[in-house]
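Visitor: fold the following for me, if possible:
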Amino acid sequence: EQDISTFSSPNWEKTARATVQDMIDVKVVLKHDPIRVSLLEEKLMEVSDPRSPDYGQHLSIKEIKDVLSLSPHTTYKVENVLKGYNVTDVQTNKYGDIISLSLNAKEAEELFNTELYHHSHTSAPAHMQTSVIRATKPYHVPSEIADEVAIVENLIRFPRLEFVPTAISERYTPPAFEGLEADNEFSSCGTKCTGYTTPAVL
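Guide: Alright, predicted model coming up:
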């Protein structure tokens with residue numbers, strides 16, 4: 001990703017250098033033929049257009065894979081190069097275009113020729129762990145697979161986090177209903193929900 005020149009964020013503070021004890025998960029995204037991508041986009045528009053004779057005839061996974069037509073040789077080549085760097089946890093998706101790796105930070109630094117550091121979110125509540133590991137300089141994939149790789153996810157970009165203030169029970173007391181008890185499904189947040197619904201109870 002040669003167009004990226006900034007390796008920091010105002011919302012994330014760089015802290016300690018990542019070590020061999022730190023594990024990271026990255027996704028190596030392979031390139032597709034732009035012409036075939038356009039063909040797939042056209043097909044998706046046709047099955048979504050009521051005026052099209054192909055309307056409603058949604059593509060199967062095999063049909064999508066056939067349209068994109070990423071060569072199995074390409075996937076196999078990239079997998080083998082990655083495994084040559086002692087990466088043992090390698091998983092490829094059903095389309096053969098995303099290869100997921102789990103490796104320690106030192107292995108990742110060697111593989112992608114970069115430096116990795118922990119970063120903490122500057123606005124996170126004190127009790128919340130928000131540390132992520134990201135590169136602080138450009139990364140490079142091995143030269144023998146550079147033409148096959150589009151990007152490596154989870155090395156540069158920071159996640160966007162939003163923090164919702166904790167509801168204070170003293171500020172709101174739900175009305176009492178005699179003879180009614182809350183269903184377990186709506187009390188599953190672990191404590192009394194004090195009239196608030198959170199993702200934990202959905």
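Visitor: dump the residue contacts of T92.
Guide: Residues near T92 by C-beta atoms under 8 Å, 6 or more residues apart in numbering: 75, 79, 98-100. In short, each C-beta sits where N, CA and C put it, glycine included.
Visitor: tell me the spacing between it and V26.
Guide: Look at T92 and V26: by C-beta to C-beta, to the nearest Å, they are 13 Å apart.
Visitor: joint contacts of these two?
Guide: If you check T92 and V26 against C-beta under 8 Å, 6+ apart, the residues they both contact are S100.
Visitor: end-to-end on stretch 23-37?
Guide: 34 Å (C-alpha to C-alpha, to the nearest Å).
Visitor: next, the buried residues of it.
Guide: 24, 26, 28, 30, 32 (16 or more other C-beta atoms under 10 Å).
Visitor: what's the helix or strand for the third one?
Guide: V28 is part of strand 23-30 when elements are defined by DSSP states H and E.
Visitor: other residues contacting that strand?
Guide: By C-beta under 8 Å, 6+ apart, the surrounding residues in contact with strand 23-30 are 18, 70, 74-75, 78, 82, 96-105, 108, 116, 133, 141, 148-155.
Visitor: I would like the residues contacting the longest helix belonging to the chain, please.
Guide: Longest helix of the chain, by residue count under DSSP state H: helix 34-48. Helix 34-48 has contacts (C-beta under 8 Å, 6+ apart) with 52, 54-59, 64, 67-69.
Visitor: now secondary structure, neighbour count and pLDDT too, for those residues, in TSV please.
Guide: As requested, the contacts of helix 34-48 are exported to TSV (DSSP: H, G, I helix; E, B strand; the rest coil; neighbours: other C-beta atoms under 10 Å; pLDDT from 0 to 100):
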residue	secondary structure	neighbour count	pLDDT
S52	coil	13	90
D54	coil	13	88
Y55	coil	12	90
G56	coil	9	89
Q57	coil	11	89
H58	coil	12	89
L59	coil	15	86
I64	helix	15	83
V67	helix	17	81
L68	helix	16	79
S69	coil	11	71
